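Colleague: Fold the stuff below for me.
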Amino acid sequence: MDTRTIRFFMLAILLGLLAGCQEREADNPFLKEKGVYSGTADEELNDDTREQLRRRMKIQRGGGV
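Modeller: Model prediction:
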C-alpha cells in the first residue's frame with residue numbers, strides 16, 4: 001500500500017467515528033439548565049423495601065440479621 005491509500009483509509013475511519021459521535025450525542029438527554037435535573041422522578045419506597053435495605057446495610061456493616 002502506498003501512503004496515499006493509507007491516508008484515504010485513515011480519513012474514512014476518522015470521518016466515520018466523528019459521524020457516529022454526533023448521532024449519539026444528539027440523542028443523549030443532557031442537563032440543559034444549570035442546577036435542574038431533567039430526568040424522570042424516582043419512585044417512593046414503601047416501608048417493606050426500606051426495611052429490606054436496612055437489613056442489607058446492617059449485614060454489610062458486619063452485624064447480624
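
Colleague: so where's this protein shaky on pLDDT?
Modeller: For the chain, residues meeting the criterion pLDDT under 70 lie at 20-31, 64-65.

Colleague: any idea how far Ala41 is from Arg50?
Modeller: 18 Å (Cβ to Cβ, to the nearest Å). All C-beta spots, glycine's among them, are computed from the backbone N, C-alpha and C.

Colleague: between the two, which one's more packed in?
Modeller: Neighbour comparison, Ala41 and Arg50: the larger count goes to Arg50, with 10 against 6 (by other Cβ atoms under 10 Å).

Colleague: CA atoms only for the host helix or strand of the more buried one - export them in CSV, please.
Modeller: Under the criterion DSSP states H and E, the helix or strand holding Arg50 is helix 47-60. Taking C-alpha atoms only, helix 47-60 is exported to CSV below (Å, rounded to 0.1, in the frame of the first residue of the first chain):
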residue,chain,number,x,y,z
ASP,A,47,-42.0,0.5,54.1
ASP,A,48,-41.1,-3.1,53.2
THR,A,49,-38.4,-2.1,50.8
ARG,A,50,-37.0,0.4,53.3
GLU,A,51,-36.8,-2.4,55.9
GLN,A,52,-35.1,-4.8,53.4
LEU,A,53,-32.5,-2.1,52.6
ARG,A,54,-31.9,-1.5,56.4
ARG,A,55,-31.2,-5.2,56.9
ARG,A,56,-28.8,-5.3,54.0
MET,A,57,-26.9,-2.3,55.3
LYS,A,58,-26.7,-3.9,58.7
ILE,A,59,-25.3,-7.1,57.2
GLN,A,60,-22.7,-5.1,55.2
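
Colleague: Thank you, goodbye.
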